[in-house]
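In: Okay, predicted coordinates and the sequence, questions at the end:
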Amino acid sequence: MAKVEYAEMIKTVSGALKKINKKSPHAGDQKMILATHRTAETLSKDCSRIYLRGLEACTVHTVPSQDTVARRLRFKTVAQAVINRKKNLTTLTQDQENFLAQKNEPNGIKTFKAYLWSLELAAYDQQHNG
């Protein structure tokens with residue numbers, strides 16, 4: 001596997017390195033190259049990623065399926081609930097204590113944000129599926 005070392009002055013690399021020429025008759029055969037490099041709050045020490053993406057068949061005029069709409073609504077609702085929970089001072093201390101208690105368990109969640117997501121996803125799923 002290749003390893004890239006960035007110069008000290010380069011803190012981030014983000015965006016399209018090569019775009020698809022949509023006017024070309026061979027646009028369907030081309031790939032877009034996206035790269036990211038950043039230091040983030042993560043467990044992994046590998047913070048560089050390169051993605052290849054083909055031309056999307058989906059257009060603005062395509063109507064999303066009911067399943068797609070439901071998944072988008074679930075994500076949006078849970079994301080807002082996580083934001084609200086982080087700001088709620090009445091439950092914040094208890095959430096932090098519960099997070100620290102489970103963090104070092106064998107199947108414990110290692111970041112606080114992921115812990116809040118797991119709680120809110122479970123609450124959403126129970127409310128809508130159970």
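Out: It's in. Numbering: from 1, shown residues only.
In: Next, the buried residues of the helix ranked longest in the chain.
Out: The single longest helix within the chain, with elements called by DSSP state H, is helix 66-87. Across helix 66-87, burial judged by 16 or more other C-beta atoms under 10 Å covers V78, A81, V82, R85. All C-beta spots, glycine's among them, are computed from the backbone N, C-alpha and C.
In: repeat for stretch 96-114
Out: By neighbour count on 16+ other C-beta under 10 Å, the buried set for stretch 96-114 is F99, I109.
In: what mean pLDDT does it have?
Out: Looking at stretch 96-114 alone, the average pLDDT works out to 92.
In: same check, this time on stretch 119-130
Out: Averaging pLDDT along stretch 119-130 gives 91.
In: quick one: secondary structure of the residue of the chain positioned farthest from its centre?
Out: For the chain, the residue at maximal distance from the C-alpha centroid (C-alpha atoms, centre = their mean) is P25, at 33.4 Å. For P25, the assignment made with DSSP: H, G, I helix; E, B strand; the rest coil gives coil.
In: List phi and psi for it.
Out: phi -70, psi -10 (degrees, to the nearest 10).
In: same deal with the one 10 residues further on?
Out: In terms of degrees, to the nearest 10, the main-chain angles of A35 are phi -130, psi 140.
In: swap in S24?
Out: The phi and psi values for S24, taken as degrees, to the nearest 10, are phi -70, psi 140.
In: Any stretches of this protein with poor pLDDT?
Out: Within the chain, the stretches with pLDDT under 70 are 1-4, 6, 10-13, 38-46, 56-60, 130.
In: Kindly recompute the last result at 50.
Out: Applying pLDDT under 50 to the chain flags no residue at all.
In: quick one: G54 from H26, how far?
Out: Distance from G54 to H26, counting by C-beta to C-beta, to the nearest Å: 12 Å.
In: cool, K18 as well?
Out: Counting by C-beta to C-beta, the gap from K18 to H26 is 14 Å.
In: Comparing those two, which shows the higher neighbour count?
Out: Legend: neighbour count by other C-beta atoms under 10 Å for K18 and H26, higher for K18 (12 against 8).
In: thought that one was touching I50?
Out: No - between K18 and I50 no contact is recorded; they are 10.8 Å apart, counting by C-beta atoms under 8 Å.
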